[in-house]
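[1] Could you look at this predicted model? Sequence included:
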Amino acid sequence: MTEFYRRKLPHWHPDGATYFITFRLANSLPLQVIQELEVQREREREIVRANFSGAQRREELYNLDKKYFGRFDSWLDRCVESSPRWLADEKVARIVADEIHALDGQLYHLGAYCLMTNHGHIVMNTAGYSFQPAHEGPTAPYPLADTLKRLKGRTARFCNQALGRSGSFWHHESYDHVVRDEREYERIVWYVLNNPVKAGLVEKWEDWKFSFLA
């Protein structure tokens, strides 16, 4: 099974891993912001490549990717008022939440998720789930990519129907991160659940209707 591929973002998909996924609405970030983040990230990656090698280089690049995500997620929060906020509609968020739960036990074990107004986070474990692609498209060799394509494809159709609109609903690419150990898993789960608290929407994560902890 091929584990690595690259679109705008790098994707490393080892079999049976636990993943932290962030997906966002179409047009939720200005193109200029995305380009600036990518230029900054690539500049810092070149510095790492020039100064480190072997295991230390891999560790530095791993930490750099986490820092890049922090900037990316911060911009999603900052652009809430100027970007589409379709997930603020409860019936739309419910469609997405129901599909996340529907795939739990079929393609992954669901650990946690949170749906904000313009993006969502999921933590899932794929260990023990067999995968047989139902097509020969570009995502077929990559189980996680195919799972996200299924999740986003079905929800996009039904969410657009609920909103009475057409066109792109989700941004085509998602951010994915392999969770390496239990300590990191706990840190990420609490990061996900506390998104609405950090945004000042609720005082406790349990009060946010579209947060979930297994």
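    Okay, I see it. Given the structure is predicted, the values throughout are model-derived calculations rather than measurements.
[2] which residues of this structure fall in helices?
    For the chain, the helices defined by DSSP state H cover 31-51, 54-78, 90-103, 143-163, 182-193, 195-198.
[3] Need those in CSV (columns: mean neighbour count and mean pLDDT).
    From N, CA and C alone the C-beta is placed, and that goes for glycine too. Below are the helices of the chain laid out as CSV (neighbours: other Cβ atoms under 10 Å; pLDDT from 0 to 100):
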stretch, mean neighbour count, mean pLDDT
helix 31-51, 12, 90
helix 54-78, 14, 87
helix 90-103, 17, 97
helix 143-163, 18, 91
helix 182-193, 16, 95
helix 195-198, 18, 93
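[4] how about JSON lines for the ones you listed, with distance to Ala214 added?
    Listed next are the helices of the chain as JSON lines, based on distance: least, Cβ to Cβ, whole Å:
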{"stretch": "helix 31-51", "distance to Ala214": "31"}
{"stretch": "helix 54-78", "distance to Ala214": "22"}
{"stretch": "helix 90-103", "distance to Ala214": "10"}
{"stretch": "helix 143-163", "distance to Ala214": "17"}
{"stretch": "helix 182-193", "distance to Ala214": "9"}
{"stretch": "helix 195-198", "distance to Ala214": "17"}
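[5] Of all these, which one is nearest Ser211?
    Closest approach to Ser211 among the helices of the chain (Cβ to Cβ): helix 182-193, 5.4 Å.
[6] any idea of the angle the closest one forms with helix 54-78?
    In this structure, helix 182-193 runs at an angle of 10 degrees to helix 54-78, with axes from the mean of the first three to the mean of the last three Cα atoms, to 10 degrees as the basis.
[7] got the contact list for helix 182-193?
    18, 20, 111-114, 121-123, 177, 179, 205, 211, 213 (Cβ atoms under 8 Å, 6 or more residues apart in numbering).
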